[in-house]
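A.B. asks: Below is the structure, and that's it, no one-letter string:
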């Protein structure tokens, strides 16, 4: 529970620091406009998501994850595989955050421009905006998670030295790829 609380506080702090700090900083540098208004929140959410993921799954990062043969026989534990898993999960989270937080506002804006009558009704506008965000999440999260399979694999040459020489426990043949649970 303590780790979960720390992850939440750190992620929230990162998002707030970027969200509150970036806009004035960019303004002083003379950088402004619609693109900044859209990408700063997306960046804040993405960084927050990665901070939360890394802190929540810290043990996998420093201690590694279990790796197996293709048919499920244990080979050991790999920090390199744990780092790959967290990297892939982090990339997926960044991608879906940017899709939702950049595409949804642009789509909403396009719909409001194409159908101006929606803008005159608060309930219609809110319903449309919520629907666009829902569809963006519904499409982007599973698609981004599917970029890398849940059951990931890596060449044993990219893992720790002791795993590079791994042999299948039943056949004794050298193992070429190690498999591991990437997580979500």
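C.D. replies: That came through, no problem. All values reported here derive from a predicted model rather than from experimental measurement. Numbering: from 1, shown residues only.

A.B. asks: Look up how far residue 150 lies from residue 68.
C.D. replies: 13 Å (C-beta to C-beta, to the nearest Å). Every C-beta, even on glycine, is put in place using the N, C-alpha and C of the backbone.

A.B. asks: Looking at these two, which one has more neighbours?
C.D. replies: residue 68 (17 against 10; other C-beta atoms under 10 Å).

A.B. asks: Helices of this structure, start to end?
C.D. replies: 2-28, 34-56, 58-63, 79-98, 104-114, 116-119, 122-145, 161-164 (DSSP state H).

A.B. asks: Against residue 56, how distant is residue 106?
C.D. replies: 31 Å.

A.B. asks: By mean pLDDT, point me to the weakest helix or strand of the chain.
C.D. replies: Lowest mean confidence among the helices and strands of the chain (mean pLDDT, DSSP states H and E): helix 2-28, at a mean of 82.

A.B. asks: how about low-confidence regions in the protein?
C.D. replies: 1 (pLDDT under 70).

A.B. asks: what sits against the one residue sitting closest to the centre of it?
C.D. replies: In the chain, the centroid-proximal residue (C-alpha atoms, centre = their mean) is residue 93; its distance is 1.7 Å. Residue 93 makes contacts with 46, 49-50, 53, 144, as judged by C-beta atoms under 8 Å, 6 or more residues apart in numbering.

A.B. asks: most surrounded residue in those?
C.D. replies: Busiest of these [other C-beta under 10 Å] is residue 46, holding 23 neighbours.
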